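Peer 1: Using only what follows, build the 3D model:
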Amino acid sequence: VLTFNDTDSWTKYMEGVDLVFSTRIHGTMAAIGGGAPAFVVPTDFRIQELVDAMRIPYLPMEEAVKPFSSLQETMSRVVRDYGVFEKNRRSKIAEYKSILAGMGARLHPQLETVLQAPLEIPPPDAPSSISSGTFYVPFDAWGACDGRVEQLSCERTVVAKSAGALQQGDDMSGVCAAVLAGAGAADEGEAQLVNGDVGVCLQIGDVVGVVVGADGVGVAAGDAQSVAAQVGTDAEVVPRIVMAMNVVYRPPSPKHDLKRSKDTNLGNFVWSYGAARVIDPYTTKIVQASACGKGSEVQALVIASANALYLRKPELVVGHIQGYISHVRNCAAPSAVFGIGIQAEFKDEEWLKTAGLPDKQHKLMELLESRMEGKAIGVRGQVTEQALLNSGITKSSPLGCPSLTIARDPNLAATMARRWRATREKLEAGKRIRLVLTLPALHTPEMKERFAPVLKVFPTLYEQHDTRFVLQTPQDRAWTKKYTQIDQNHVLTFNDTDSWTKYMEGVDLVFSTRIHGTMAAIGGGAPAFVVPTDFRIQELVDAMRIPYLPMEEAVKPFSSLQETMSRVVRDYGVFEKNRRSKIAEYKSILAGMGARLHPQLETVLQAPLEIPPPDLPS
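Peer 2: Reported below is the predicted structural model:
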């Protein structure tokens, strides 16, 4: 049992050891200072931050706590890349040199020698037995294994520019059988496993596949470095993190669809879908926030919400707010918020400029701020941001709704603009179009009276076009039944976001009065616009720059659908630039928690920007 009282003797001792298995960052650095082969287990986020910055070898906590087999086997699971480490070390030394030069000082001469020495990149470890017959199979992390695994994530993901010597296959039945058997699930039926694990995945662009050995079973996480060596020297090995969410959108299944169908507002699962799908599901194991607590493996927390901030009647949401507070306290991890906003009417506009948060809501935001470095409270818009600023909360950013990220089309605006022009041309030619209408949420008698002229137009539109009503609340169906000409087969509900957005791919126009009905349409690339019936919707419209028909225009006497379209406020070029900007902010927030953006959204950010041409003058 040793202690050292000076660094020279500590590092000198390390020159003679074979291995250092460390759980303290500076014990690890003393070992590295002596050139010892060492790795650290990051026991908290402070250590993980240093590991990431210095690129030193480490054994992730979830690997460290697995049943011990042998030291050799443990070493095989250490995440390390000595080539990357050496390049990073020299880069950091060069930064110290620059800082010192800025003060008129000089770098230590021995470190100057380090910078000037030829760079020797260590060869990768000799490939393991996975080399022969190894291949990879692309898969969707959500609803994997024919829907039997709700989320299948990767303990290690090798991010590379190409597959190198690995061939692409299409059979992962052995992988699925092993995953289900390891969890004690029968190899039949629908979803039986909430979270499944595979050892190593390969990501090339936005395609991710499980790496499968010659025996048909996924290779072990400890073989990630060997896989990286096969696919190229620039390959990066990304360890998985565990993230908790208060709401986790689950893939379509009879059980989950039934649960969603009982929601009094079906739009709720549109924003929860967007919140979950913005995160990389391959490098992130997503669990319910209830999993947090003492001994939890959770490393990050996301609170996904909607209009949960009630400034005038806070008692209506006190249960939700207290639940969020409990999650943040129990998880004790870097945190973020997606989509939270205030509930407000247009008459509140002046009051909101100075209004602040009620006590319980302010307490929640203060607690969240203490768990984040940068701006990681994604709010619905500038009105909510101002309410937080009025209460001294500064780490918020107006991102709109996370449903803005649902579409994976790199140039979504160009798609919507082309479809908008095609619809207008059909109307100019006197043709019927495939039209979708959504019904408004009118909370007060004043709102009902003001919006009545619009609702009176809907039966006319139904008769003029091939129209479908998409319902979000039980009250919507009651309204359609008041009109005998409306065939109830033309009245639709969706119990999962995928089928909702898929349906929207085939419509010509969506005339919406609900924000999430609009976002489901935009998620399917449909030309859509919304009528903001309250200040809450207007805030989201302004933040996301989506097409809208102002209320004062919507209530004017109806002439034709073509004329109504001409009054819609829209700029698809501004929309697309804003969409990419918001996606980039989500990426930054996730990076601050050690998580990654969904690979398909990375493709959106990297794609050339296509700005739709303006409409020709009418």
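Peer 1: okay, CA-based contacts and neighbour counts for the rest of this
Peer 2: Noted.
Peer 1: And for residue 94, the neighbour number?
Peer 2: Per other C-alpha atoms under 10 Å, the neighbour tally for residue 94 reads 17.
Peer 1: go on, the one 4 residues further on?
Peer 2: Burial measure for residue 98: 15 neighbouring residues, criterion other C-alpha under 10 Å.
Peer 1: same deal with residue 143?
Peer 2: Neighbour tally, residue 143, other C-alpha under 10 Å: 21.
Peer 1: is it true that it touches residue 150?
Peer 2: Yes - with contact defined as C-alpha atoms under 8 Å, residue 143 and residue 150 form a contacting pair (4.6 Å).
Peer 1: List the residues that contact the residue nearest in space to the middle of the chain.
Peer 2: Computing the C-alpha centroid of the chain and ranking residues by C-alpha atoms, centre = their mean puts residue 278 first, at 2.0 Å. When contacts are counted by C-alpha atoms under 8 Å, 6 or more residues apart in numbering, residue 278 touches 402, 405, 406, 586, 597, 598, 601.
Peer 1: among those residues, who's most crowded?
Peer 2: residue 402 (30 neighbours).
Peer 1: Quick check on that residue: phi, psi?
Peer 2: For residue 402, the backbone dihedrals (degrees, to the nearest 10) come out as phi -60, psi -10.
Peer 1: Tell me if I am right that residue 27 is in a strand.
Peer 2: No - going by DSSP: H, G, I helix; E, B strand; the rest coil, the assignment for residue 27 is helix, not a strand.
Peer 1: per-residue pLDDT, the residue nearest to the centre of the chain?
Peer 2: Note for residue 278: predicted pLDDT of 98.
Peer 1: And for the one 10 residues further on?
Peer 2: If you check residue 288, the pLDDT there is 94.
Peer 1: Bridged to it, which residues?
Peer 2: Beta-bridge partners for residue 288, by DSSP bridges, are residue 245.
Peer 1: List the contacts of it.
Peer 2: 244, 245, 246, 247, 248.
Peer 1: can I get the residues you listed in JSON lines with neighbour count, pLDDT and distance to residue 40?
Peer 2: Listed next are these as JSON lines, based on neighbours: other C-alpha atoms under 10 Å; pLDDT from 0 to 100; distance: C-alpha to C-alpha, whole Å:
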{"residue": "244", "neighbour count": "26", "pLDDT": "96", "distance to residue 40": "24"}
{"residue": "245", "neighbour count": "24", "pLDDT": "96", "distance to residue 40": "28"}
{"residue": "246", "neighbour count": "19", "pLDDT": "94", "distance to residue 40": "31"}
{"residue": "247", "neighbour count": "18", "pLDDT": "92", "distance to residue 40": "33"}
{"residue": "248", "neighbour count": "18", "pLDDT": "93", "distance to residue 40": "32"}
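Peer 1: Pass me the low-pLDDT residue ranges in the stretch 51-200 of the chain, would you?
Peer 2: When residues are selected by pLDDT under 70, those of the stretch 51-200 of the chain lie in 124-132, 183-191.
Peer 1: mind listing the strands for it?
Peer 2: 135-138, 142-143, 149-160, 167-168, 193-204 (DSSP state E, counting those that start in this stretch).
Peer 1: Give me the neighbour count for residue 370.
Peer 2: 11.
Peer 1: Can you point out the buried residues in stretch 159-168?
Peer 2: Neighbour counts over stretch 159-168 (16 or more other C-alpha atoms under 10 Å) mark 159, 160, 163, 166, 168 as buried.
Peer 1: Turn the residues you listed into JSON lines, columns for distance to residue 270.
Peer 2: What follows is those, written out as JSON lines (distance: C-alpha to C-alpha, whole Å):
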{"residue": "159", "distance to residue 270": "30"}
{"residue": "160", "distance to residue 270": "32"}
{"residue": "163", "distance to residue 270": "35"}
{"residue": "166", "distance to residue 270": "38"}
{"residue": "168", "distance to residue 270": "34"}
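Peer 1: from those, which single one is nearest residue 312?
Peer 2: residue 159 (48.8 Å; C-alpha to C-alpha).
Peer 1: and the gap between that closest one and residue 498?
Peer 2: 27 Å (C-alpha to C-alpha, to the nearest Å).
Peer 1: Same check on residue 405?
Peer 2: From residue 405 to residue 498 the distance is 13 Å (C-alpha to C-alpha).
Peer 1: Could you do residue 122 as well?
Peer 2: Counting by C-alpha to C-alpha - residue 122 and residue 498 are separated by 47 Å.
Peer 1: Not including adjacent chain positions, what is the nearest residue to residue 342?
Peer 2: The shortest distance from residue 342 to any residue other than its chain neighbours is 4.4 Å, reached at residue 309 (C-alpha to C-alpha, 6 or more residues apart in numbering).
Peer 1: How about the backbone phi and psi for the one you found?
Peer 2: Dihedral pair for residue 309: phi -100, psi 110, per degrees, to the nearest 10.
Peer 1: quick one: low-confidence parts of the stretch 201-350 of the chain?
Peer 2: In the predicted model of the stretch 201-350 of the chain, residues 233 satisfy pLDDT under 70.
Peer 1: Which parts of it are helices?
Peer 2: Using DSSP state H, counting those that start in this stretch, the helices of the stretch 201-350 of the chain run over 224-231, 254-261, 268-277, 318-331, 349-352.
Peer 1: I'd like the ones you listed as TSV, with distance to residue 582 and mean neighbour count appended.
Peer 2: Below are those laid out as TSV (distance: least, C-alpha to C-alpha, whole Å; neighbours: other C-alpha atoms under 10 Å):
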stretch	distance to residue 582	mean neighbour count
helix 224-231	32	23
helix 254-261	27	15
helix 268-277	13	24
helix 318-331	24	18
helix 349-352	24	12
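Peer 1: Switch the ones you listed over to CSV; also include distance to residue 203.
Peer 2: Formatted as CSV, these follow (distance: least, C-alpha to C-alpha, whole Å):
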stretch, distance to residue 203
helix 224-231, 11
helix 254-261, 29
helix 268-277, 17
helix 318-331, 30
helix 349-352, 46
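Peer 1: Residue 552 is nearest to which of these?
Peer 2: helix 349-352 (16.3 Å).
Peer 1: With just CA atoms, put the closest one into PDB.
Peer 2: C-alpha atoms of helix 349-352 as PDB (Å, rounded to 0.1, in the frame of the first residue of the first chain):
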ATOM      1  CA  GLU A 349     -49.300  39.500 -24.900                       C
ATOM      2  CA  GLU A 350     -48.500  42.700 -23.000                       C
ATOM      3  CA  TRP A 351     -48.600  41.100 -19.600                       C
ATOM      4  CA  LEU A 352     -46.200  38.400 -20.700                       C
END
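Peer 1: Give me the contact list for that helix.
Peer 2: 383, 387, 535.
Peer 1: quick one on the thing from earlier: most tightly packed of the strands of the stretch 51-200 of the chain?
Peer 2: Of all the strands of the stretch 51-200 of the chain, strand 149-160 has the most neighbours on average by mean count of other C-alpha atoms under 10 Å, namely a mean of 26.
Peer 1: Which strands and helices lie in contact with that strand?
Peer 2: Counting contacts by 3 or more C-alpha pairs under 8 Å, 6 or more residues apart in numbering; DSSP states H and E, strand 149-160 is packed against strand 142-143, helix 144-147, strand 193-204, helix 224-231, strand 236-239, strand 284-288.
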